[in-house]
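1. Kindly return the folded structure for what I paste below:
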Amino acid sequence: VGIKYNYAFAEGEYDASDSRNLFIHGILTGFGGTCASMPVLYCAIGRRLGYPLNLAEAREHCFCRWDDDHRGEHFCFDATGQGCIFHEEDHYRHWPKPLTPTQERQNGFIRAMTPHEELAAFAAARGNCLFDNFSFTPAVEAFFLAHQIAPHKQCLHDAWGLAVYSAKLWTNLQNLPDSLRHAPLEQTIGRAAGDLHGPDADFFREHAVENVLRIVRNRGRREREHSHDAAFQELATHSGIKDPNHV
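-> Numbering: from 1, shown residues only. A predicted model of the protein is given here:
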């Protein structure tokens, strides 16, 4: 039926700029899905069929749970790769990233997500997409909304804090003297990061630097790819090539 994983998303540095990788419209239009969107589609269909399906999270991964309390049936499954794979809960305590008991307890990992936690996860995904498109203010608002919906989840609190300080860091970069603003980002970002102040600033400073550098690198990569595609299209137009696969 055309439902497939978008393996290109898993390659290279994390880039949330294309919303089709985060929400189900990407799958429904043939673009492909990821662990952020495919389990959501399965649960949306399964629940309409009366199946006891739930979303669940590990560290940087989303999967599905079957939780039938009446029959005592409980199991996890992944369907974001080749076929459907069943795993024990303990698998997700080690994959894709190790998970401590404290992290599991503070974030509600492994167990079924509540409706509020699902909505908060979607708001955070929106924040990721906005942030990677340099829409910092609405991104911070989305992360704040996620934290307000599920305030007990430590990961959402941290994501909100990271968004706030990343946005502040970007503002500081724009306010640097002209003599510094046009220097390579790696040379100026330390100066801008030194001016970050506020609650937990010491904790978020290094993470904010890494976050801003990531989105700038990704924008540069996208611009290079777009420039390459545009140049090829111009060449194809003038040379009469209709199908680039036949070059």
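2. Next up, the contacts around the closest residue to Leu169 other than its chain neighbours.
-> Leaving aside its sequence neighbours, Leu169 sits nearest to Ala208 (C-beta to C-beta, 6 or more residues apart in numbering; 4.8 Å). All C-beta atoms are positioned from the backbone trio N, CA, C, and that covers glycine. Contacts for Ala208 (C-beta atoms under 8 Å, 6 or more residues apart in numbering) come out as Leu162, Tyr165, Ser166, Lys168, Leu169, Ala193, Leu196.
3. repeat for Thr137
-> Shown in contact with Thr137 (C-beta under 8 Å, 6+ apart): Ala167.
4. Retrieve the pLDDT associated with it.
-> With respect to pLDDT, Thr137 scores 95.
5. Just the element for it, please.
-> If you go by DSSP states H and E, Thr137 is part of helix 136-149.
6. how far out from the middle of the chain is stretch 177-192?
-> Stretch 177-192 sits 28 Å away from the centroid of its parent chain (C-alpha atoms, centre = their mean, to the nearest Å).
7. Give me the buried positions along that stretch.
-> Neighbour counts over stretch 177-192 (16 or more other C-beta atoms under 10 Å) mark Thr188, Ile189, Ala192 as buried.
8. Quick one: residues contacting the residue nearest to the second one when sequence neighbours are not counted.
-> Yep, that's Ile189 we're talking about. Computed as C-beta to C-beta, 6+ apart, the closest residue to Ile189 that is not its neighbour in sequence is Val209, at 5.6 Å. Each residue near Val209 by C-beta under 8 Å, 6+ apart is listed here: Leu169, Ile189, Gly190, Ala193.
9. what is the rounded mean pLDDT of stretch 184-204?
-> 89.
10. now stretch 114-131
-> The average of the pLDDT scores along stretch 114-131 is 98.
11. Next secondary structure after the helix or strand bottoming out on mean pLDDT in the chain?
-> Between all helices and strands in the chain, the lowest mean by mean pLDDT, DSSP states H and E belongs to helix 178-181, at a mean of 70. Later in the chain than helix 178-181, the nearest helix or strand by DSSP H and E is helix 185-193.
12. So what's the gap between that next one and the chain middle?
-> Put simply, helix 185-193 sits 25 Å off its chain's centre (C-alpha atoms, centre = their mean).
13. packing partners for it?
-> In terms of contacts (3 or more C-beta pairs under 8 Å, 6 or more residues apart in numbering; DSSP states H and E), helix 185-193 is packed against helix 154-174, helix 178-181, helix 201-239.
14. Return the most buried member of those helices.
-> Ranked by mean neighbour count, those are led by helix 154-174 with a mean of 20 (mean count of other C-beta atoms under 10 Å).
15. which residues are in contact with it?
-> Here helix 154-174 makes contact (C-beta under 8 Å, 6+ apart) with 103, 106-107, 120, 124, 127, 131, 134, 136-137, 139-140, 143-144, 146-147, 150-151, 181, 185, 188-189, 192-193, 195-196, 198, 200-201, 203-205, 207-209, 211-212.
16. give the contact list for Tyr30.
-> In this structure residue 30 is Gly, not Tyr. Contact analysis of Gly30 by C-beta under 8 Å, 6+ apart lists Gly2.
17. secondary structure class for it?
-> Here Gly30 is coil, with the state taken from DSSP: H, G, I helix; E, B strand; the rest coil.
18. Many thanks, I have nothing further to ask.
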